[in-house]
Structures are given as structure tokens and as C-alpha cells.
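Visitor: Provide a 3D model corresponding to the input given below.
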Amino acid sequence: MPKAILIDTTKCTACRGCQVGCKEWKNYPPVATKQRGTHQNPPDLGPYNVKLVRFSEHMEADGTVKWNFFPDACRHCLDAPCKSGASLEDSIIQDPATGAVIYTEKTAKEDFETIKNSCPYDIPRLDPKTKRIIKCDMCIDRVRANLLPMCVKSCAMGAMTFGERSDILDKAAKRLVAVQKEFPKAQLCDMENVSVIYLITDAPAKYHKFAVADASDTKGYMTRKEMLAGLLSPLRKGAGQFQG
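Guide: Residues are numbered from 1 along each chain as shown. Sure thing, here's the model as predicted:
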């Protein structure tokens, strides 16, 4: 059965246990950083940091300053647009048992910009050494061994829950009702389209530019996923005509 992760940002304290746990489990090398005026570090996702707790600071109308924390990583889309953007067979696969979207070594032969621009959440990153395209794989090795993904395992606050997708959706819906009593604007981000579902209490743009497929306040513009679908449509039709 497909799996899913619920990330309840109301419980996240930005301890970055998930970020560190992920890096240690994957045995990623250290990345040199520096103070840039924010507690968020490193400044963005990278080939050796596929999980990143984002810090968003903004001022409310009453003058109070509010922090929003967003543990960013691949959403493992049910219908992954990055998979549609791949040109090679099996360079990007979707595990049938879990729904995890996995980048294989064949991504080293893919066009990075095409894959990156196909993702509505700005997730893929290029490893400069191996030329492979990198992102979270839902700790598929751990899940297949009946273990929790490392980010979930290392979350001391219980902000992350992993399980069968149907159970997670049910849990998410009930938690949303409870949270909306205090935060009327609370919502579940793109829950119908992804396997990593975020519960947030304010507008998505106040968390991260790519918190949802389109986190802008402007309506009427196509999301990156919609744009890709439009661009690929003629190519797919043309390819179909030459099959035989």
C-alpha cells in the first residue's frame, strides 16, 4: 500500500533533528556555511542536504514578529512531473509498494535544468562530483526494512508521522479540524497530489515560496507543473505517431 508522511508544523520547533538525522543516515559530507543573518543553515537544499528546515520570519499586522518553520524535502508526488520530464527509461522511478519517487544513477545522463524546472516544489539538486540528480528517496532502504524514514524517526517533537496513506490522510483531516479551532487559516498542503503532506496555520507563502505547487497570492497563472504538462503534450503526441 502507498505510504505517506504528515508533517504537522504546529509541533515543529526547528530543532533540525530531521535535517541532521537525514544527513547522517545518508552519510553525506559536511558543507561549509556561514552566518547569513538567519538561523536557517545551510541556506538552501543541496546534493548533500536533501532535508532542510526553513525559517521564515515576518511581522504580523499588530507588530508582533512570527516564526514559521518548514522542514522542506521532496513531496513524492503521486503523479510526479519530474518523472514526466525524464528522457531516459528508469532514470526516475516510482516504487510501486510505497509510492516513493526515486532518482537512479541514470539521472547523471539527464538534463538537470529540465528535471529541476519540472518540479513545482524546486527540489532536485545536482551533485557536481557524480553529475547525478539528487533528492530525498523517502529512506526507501529503511522503509523496506520496516523502519521509519530517518526524518520521522529523529523528530523529537512528534511533528512527523509515517504510515499507510489512507491512515495518514485520516489522521491529517482530524488534526486539521483540531488546529483550525486556534488557527482558522490552517490547511493541508496539496494533500490530494503528494505523499508528504504539510499542515500549516497560515498562507503557504509565509512558510516558503514553494510550500505548495503555487504558493503565490496571484491567481490565474499556471503552476510549473501545468506549464510542463502543456509543453510536453505536443511532444508526447508526436512521439505516439512514430511508435510502431
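
Visitor: residue contacts, the residue most central in space within the chain?
Guide: To find the centre residue of the chain, average its C-alpha atoms and take the closest one (CA atoms, centre = their mean): that gives residue 74, at 2.7 Å. Remark: with contacts taken as CB atoms under 8 Å, 6 or more residues apart in numbering, residue 74 is in contact with 50, 101, 121, 123, 135, 136, 137, 138, 196. Every C-beta, even on glycine, is put in place using the N, C-alpha and C of the backbone.

Visitor: Just to be sure, it is in a helix?
Guide: No: Residue 74 is assigned coil when assessed by DSSP: H, G, I helix; E, B strand; the rest coil, not a helix.

Visitor: What confidence value was assigned to it?
Guide: Reported pLDDT at residue 74 in the predicted model: 98.

Visitor: same question, residue 39
Guide: Each residue has a pLDDT score; the one for residue 39 is 86.

Visitor: Helix, strand, or coil at it?
Guide: With three-state DSSP as the basis, the three-state label of residue 39 is coil.

Visitor: can you check residue 123 too?
Guide: Recorded secondary structure, residue 123: coil (three-state DSSP).

Visitor: Tell me if I'm right that it and residue 46 touch.
Guide: No: at 11.2 Å, residue 123 and residue 46 do not qualify as touching, with contact defined as CB atoms under 8 Å.

Visitor: Residue 158 versus residue 116, what's the distance?
Guide: 33 Å (CB to CB, to the nearest Å).

Visitor: Comparing these two, which residue is more hemmed in?
Guide: Set side by side, residue 116 and residue 158 give different neighbour counts by other CB atoms under 10 Å, the larger being at residue 116 (18 against 10).

Visitor: quick one: that one is in a helix?
Guide: Yes: read with three-state DSSP, residue 116 is one of the residues of a helix.

Visitor: Surely it and residue 124 touch.
Guide: Yes: using CB under 8 Å, residue 116 makes contact with residue 124 at a distance of 4.7 Å.

Visitor: between these two, what contacts are shared?
Guide: Here residue 116 and residue 124 share the contacting residues residue 133, scored by CB under 8 Å, 6+ apart.

Visitor: circling back to that earlier point, out of the contacts of residue 74, which are inside strands?
Guide: Among these, the ones falling in strands (DSSP state E) are 101, 196.

Visitor: Output the contacts of residue 74 as TSV; include the columns distance to residue 19 and neighbour count.
Guide: What follows is those, written out as TSV (distance: CB to CB, whole Å; neighbours: other CB atoms under 10 Å):
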residue	distance to residue 19	neighbour count
50	9	23
101	20	24
121	17	27
123	15	23
135	14	26
136	11	25
137	16	21
138	16	26
196	15	27
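
Visitor: Out of the contacts of residue 74, which is nearest to residue 205?
Guide: The shortest separation between residue 205 and any of these is 13.6 Å, and it belongs to residue 121 (by CB to CB).

Visitor: Quick check: the closest one vs residue 34, distance?
Guide: Going from residue 121 to residue 34 by CB to CB gives 26 Å.
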